[in-house]
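# Take a look and give me a structure for this.
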Amino acid sequence: MTEQLIKVDGIELCTESFGRKEDPAILLIMGATASMIWWEDEFCQRLADAGRFVIRYDNRDVGQSMNDEPGNPQYGLEDMADDAIRVLDAYGISRAHVAGMSLGGLLTLMATVKYPERVLSNTLIMTSSFRDPSLPEMEEKVAAFFASADQVNWENEQAILDFSVQKWNLLRGSKHAPDEDKVRRLAARELHRTRNWAASMFNHGLLAGGEELIAGVPDIRVPALVIHGTEDPIIPYAHGESLAREIPGARLLTLEGTGHELHEDDWDAILDAIIRHTDGVQKSESRSVK
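Residues are numbered from 1 along each chain as shown. Here you go, the predicted model:
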């Protein structure tokens, strides 16, 4: 693993890579309020061992990346999509596979529409284009939980860790037993490497923009793999089904009983699908060059 802070256009983004730079690159974009460590080390290493140069990074306002004032982010969703390309530029990568989780999936879609020449393939995990207003909203229990966030003492480490454990328990599906010790270890690691916890928790929820890019989702022509759990309480499974229909030729991997999570018990299925998906693109690219 090699971590580095890149600085471009006045923006600081913390990145980390796994594997050989000579291998096909895959960029991992995590969801709202979560730093790159939720793409767990072993998950990334297994992708690298399969012949991928893996890059993960902290979005703005999480982890070691730049922060704006809590409650007053000076950027929008399109700026975050641009950040993905900034990361590729910093690594000298002209084209990459891109995988996004939740908000990271939305950013993947935006970046693909805006920079189609930079993206080899999409992997879209527990996400949506949110273009269809008839699709179900997040479950009320989740909305109520996040509404209670302003009652947490964000100066108290134990309160922060308890909130994180409660959140991930709420988001998991019935298929997986809770692993509180693991979640607490990851949450503690995130806490200790986060520049500004208040900005990390609240700024992403205030973001807007990118509507014109999202309107272009049906025009995406890079190969797309959609991965979604049937018990996702934040972005219900119907969103995954809809997204797979929106993008021409997209494939849908359904994770029965899985919630809004990258649970270790699902890694075999997820990693196998990503590796086969990106392998197919590489072979197609090779044929087109000849």
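# Any figure for the gap between residue 244 and residue 229?
Distance check for residue 244 against residue 229: by C-beta to C-beta, to the nearest Å, it reads 14 Å. Every C-beta, even on glycine, is put in place using the N, C-alpha and C of the backbone.
# Neighbour count for these two, which is higher?
residue 229 (29 against 20; other C-beta atoms under 10 Å).
# Please tell me how far that one sits from residue 174.
Counting by C-beta to C-beta, the gap from residue 229 to residue 174 is 10 Å.
# Now for the two: what residues contact both?
residue 257 (C-beta atoms under 8 Å, 6 or more residues apart in numbering).
# Excluding residues flanking it in the chain, which one is nearest residue 138?
residue 234 (4.8 Å; C-beta to C-beta, 6 or more residues apart in numbering).
# Wasn't that neighbour part of a strand?
No: secondary structure assignment places residue 234 outside any strand; it is coil (DSSP: H, G, I helix; E, B strand; the rest coil).
# Any idea how many residues pack against it?
22.
# what sits against it?
By C-beta under 8 Å, 6+ apart, the residues touching residue 234 are 102, 126, 138, 139, 142, 171, 260.
# can you redo those as JSON lines with secondary structure, pLDDT and distance to residue 240?
Compiled in JSON lines, the contacts of residue 234 are given as follows (DSSP: H, G, I helix; E, B strand; the rest coil; pLDDT from 0 to 100; distance: C-beta to C-beta, whole Å):
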{"residue": "102", "secondary structure": "coil", "pLDDT": "98", "distance to residue 240": "11"}
{"residue": "126", "secondary structure": "coil", "pLDDT": "98", "distance to residue 240": "7"}
{"residue": "138", "secondary structure": "coil", "pLDDT": "95", "distance to residue 240": "14"}
{"residue": "139", "secondary structure": "coil", "pLDDT": "95", "distance to residue 240": "15"}
{"residue": "142", "secondary structure": "helix", "pLDDT": "93", "distance to residue 240": "17"}
{"residue": "171", "secondary structure": "helix", "pLDDT": "93", "distance to residue 240": "15"}
{"residue": "260", "secondary structure": "coil", "pLDDT": "97", "distance to residue 240": "11"}
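# Quick check: the farthest pair among the residues you listed?
Largest separation among the contacts of residue 234 by C-beta to C-beta: 102 and 139, giving 14.8 Å.
# Among these two, which residue is more densely surrounded?
residue 102 (26 against 16).
# Not counting residues beside it along the chain, what's closest to that one?
Distance criterion C-beta to C-beta, 6+ apart; nearest residue to residue 102, sequence neighbours excluded, is residue 31 at 3.0 Å.
# helix/strand/coil for the one you found?
Residue 31 ends up coil, using three-state DSSP.
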